[in-house]
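S.K.: no sequence on this one, just coordinates:
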């Protein structure tokens, strides 16, 4: 590979970071439909799992609902 070649992302060098994906915070989103926002986060988590990416979830004192991504 030359220095100017574009290098694609590979799972071994990537991770997905989900920050504050809490149900209560979705009410502050007015520019997108809340259900679409939830569906997109779930689809993103499932895609990360399919490609074997590590997923880091950050939240502040709220229950995590991992069953949604299964």
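M.R.: Arrived safely, thanks for sending. As the structure is a computational prediction, the values presented were derived from the model and not from experiment.
S.K.: What segments of this protein are strands?
M.R.: Secondary structure of the chain, counting by DSSP state E: strands at 16-19, 55-58.
S.K.: so what does the last one touch, helix or strand wise?
M.R.: For strand 55-58, the helices and strands in contact under the criterion 3 or more CB pairs under 8 Å, 6 or more residues apart in numbering; DSSP states H and E are strand 16-19, helix 34-50. In this view, the C-beta of every residue, glycine as well, is placed from N, C-alpha and C.
S.K.: quick one: strands adjacent to that strand?
M.R.: Pairing partners of strand 55-58, with direction, according to DSSP bridges: strand 16-19 (parallel).
S.K.: Could you pull up the mean pLDDT of the partner strand?
M.R.: In this model, strand 16-19 has an average pLDDT of 85.
S.K.: in it, what's buried?
M.R.: By neighbour count, and taking 16 or more other CB atoms under 10 Å as the criterion, the buried residues in strand 16-19 are residue 18.
S.K.: Check stretch 37-49 too.
M.R.: For stretch 37-49, the buried set under the neighbour-count rule, 16+ other CB under 10 Å, comprises 45, 48.
S.K.: Find the nearest non-adjacent residue to residue 15, please.
M.R.: Leaving out its chain neighbours, the residue that sits closest to residue 15 by CB to CB, 6 or more residues apart in numbering is residue 54, at 4.6 Å.
S.K.: now swap in residue 20 and tell me
M.R.: What sits nearest to residue 20 in space, not counting adjacent residues and going by CB to CB, 6+ apart, is residue 59, at 5.9 Å.
S.K.: per-residue pLDDT, the one you found?
M.R.: Confidence per residue is given as pLDDT, and for residue 59 that number is 71.
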